[in-house]
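J.: any chance you can model this:
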Amino acid sequence: MESKRLVPMNVHHGGMKDLRDALYLIAREIESGFLAMDAIPGEDYTRKDLMKMALDFAISGEEYSIETTVYE
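T.: Residues are numbered from 1 along each chain as shown. Now for the predicted structure:
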């Protein structure tokens, strides 16, 4: 059974135009990592955790791009 995501995947963005877009996209990717490790939304992490991690990453100045990669 798939856990309900805290950050929805079905929101379409045209890239990182502003801080809101950046935080959303980064939080979504962080959550994908948590889910890949079988974390349980709402128990192992919260929306606030995701946004704090996304904000920390966004202000760190690290390069970031979203690429779709399939691992087998």
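J.: could you use CA atoms for every contact and neighbour count after this?
T.: OK.
J.: contact partners for K4?
T.: P41 (C-alpha atoms under 8 Å, 6 or more residues apart in numbering).
J.: quickly find the element holding it.
T.: Under the criterion DSSP states H and E, no helix or strand holds K4.
J.: just checking, what packs against the lowest-mean-pLDDT helix or strand in the chain?
T.: Ranked by mean pLDDT, DSSP states H and E, the weakest helix or strand in the chain is helix 19-36, scoring a mean of 90. On a contact count with 3 or more C-alpha pairs under 8 Å, 6 or more residues apart in numbering; DSSP states H and E, helix 19-36 meets helix 47-60.
J.: hey, C-alpha coordinates of the helix it packs on in PDB?
T.: C-alpha atoms of helix 47-60 as PDB (Å, rounded to 0.1, in the frame of the first residue of the first chain):
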ATOM      1  CA  ARG A  47       5.300  18.900   6.300                       C
ATOM      2  CA  LYS A  48       7.200  21.200   8.600                       C
ATOM      3  CA  ASP A  49      10.200  18.900   8.500                       C
ATOM      4  CA  LEU A  50      10.100  18.900   4.700                       C
ATOM      5  CA  MET A  51       9.800  22.700   4.400                       C
ATOM      6  CA  LYS A  52      12.600  23.300   6.900                       C
ATOM      7  CA  MET A  53      14.900  20.900   5.000                       C
ATOM      8  CA  ALA A  54      13.800  22.500   1.700                       C
ATOM      9  CA  LEU A  55      14.500  26.000   3.000                       C
ATOM     10  CA  ASP A  56      17.900  25.000   4.400                       C
ATOM     11  CA  PHE A  57      18.800  23.500   1.100                       C
ATOM     12  CA  ALA A  58      17.500  26.500  -0.900                       C
ATOM     13  CA  ILE A  59      19.600  29.000   1.100                       C
ATOM     14  CA  SER A  60      22.700  26.800   1.100                       C
END
